[in-house]
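**Student:** Would you be able to build a 3D model of this:
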Amino acid sequence: MTVSHRSPTPSGAVIHPDRATQLPGLASRRRWLLAAPAWVAFPALMAGRPAHARSLRPTPSQSEGPFYPDQSLADADADLLRNGSQMSDGGQPAWVNGSVVDLDGRPVRGAVVEIWQCDHRGLYRHSRSSGDRAMAFQGFGRTTVDAEGGWRFRTIRPVSYPGRPPHIHLKVRLGSRELLTTQIYVRGEGANARDWLLARLDADARAQLEVDFRSGPDGLNATFPVVVRT
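**Tutor:** A predicted model of the protein is given here:
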């Protein structure tokens, strides 16, 4: 199927624009996803700083990894549990949300947040991982922050695969600039202590990249505040 207005990414992947006006139900999903708290508190980021110091600690960067999507994706919205008309039934459904702010705590309006992760079997939407097999799990999502810098994705609690602990990749863009590429980890996972990427960070930086997945009325929830240099 030919879709016009494709947007090439720096990694060579071709991601189709959001199809909320083309696929039934996607528009309502977008409204549902955006109906989330737009604020995130940053007490941990300010720990140890004098009261007069306003600057926040930037979120540590990490490598993009080898599995940024290299395939054409017909669906790339903020609901990773549905890929077009297919609904994923593997893994633990979870909401992952946060905000994007600058070093002074101001919302970075217009920022675009992308996440990508493997499915419950450890497969990415990438030619060297899932190949050509059909996947109900979308595996990649993109959303623009709201006026307060807030963002939210519906996805699954990340799972481990050989050599890596559970994690979600995250990238923040502003126009043509890439502000941050990093990874989100599950706090309390024993494999975190053995991960070669996390081992490069000090304890405070590691803590910034680890989140709790807590049970709530709408399932598992995790909050990941993002602070970027603009």
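**Student:** Against which helices or strands is the helix or strand encompassing Val100 packed?
**Tutor:** Here Val100, judged by DSSP states H and E, is contained in strand 93-101. Other helices and strands packing on strand 93-101, by 3 or more Cβ pairs under 8 Å, 6 or more residues apart in numbering; DSSP states H and E, are strand 150-156, strand 219-223, strand 226-227. The way it works is simple: take the backbone N, C-alpha and C, and place the C-beta from them, glycine included.
**Student:** Could you save those as JSON lines and add columns showing mean neighbour count and mean pLDDT?
**Tutor:** Shown next, in JSON lines, are these (neighbours: other Cβ atoms under 10 Å; pLDDT from 0 to 100):
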{"stretch": "strand 150-156", "mean neighbour count": "25", "mean pLDDT": "98"}
{"stretch": "strand 219-223", "mean neighbour count": "18", "mean pLDDT": "96"}
{"stretch": "strand 226-227", "mean neighbour count": "23", "mean pLDDT": "98"}
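**Student:** Just put these in JSON lines and tack on distance to Phe137.
**Tutor:** Conversion of those to JSON lines gives the following (distance: least, Cβ to Cβ, whole Å):
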{"stretch": "strand 150-156", "distance to Phe137": "7"}
{"stretch": "strand 219-223", "distance to Phe137": "16"}
{"stretch": "strand 226-227", "distance to Phe137": "23"}
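**Student:** now the strand holding Val100 and strand 219-223, what's the angle there?
**Tutor:** Relative orientation of strand 93-101 versus strand 219-223 (axes from the mean of the first three to the mean of the last three Cα atoms, to 10 degrees): 20 degrees.
**Student:** Mind exporting the C-alpha coordinates of strand 93-101 to CSV?
**Tutor:** The C-alpha atoms that make up strand 93-101 are tabulated as CSV, following Å, rounded to 0.1, in the frame of the first residue of the first chain:
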residue,chain,number,x,y,z
PRO,A,93,-0.4,-3.8,29.5
ALA,A,94,1.0,-0.6,31.1
TRP,A,95,0.8,3.2,30.8
VAL,A,96,4.1,5.1,30.6
ASN,A,97,3.8,8.9,31.0
GLY,A,98,5.9,11.9,31.8
SER,A,99,6.8,15.4,30.9
VAL,A,100,9.6,17.1,28.9
VAL,A,101,11.0,20.2,30.5
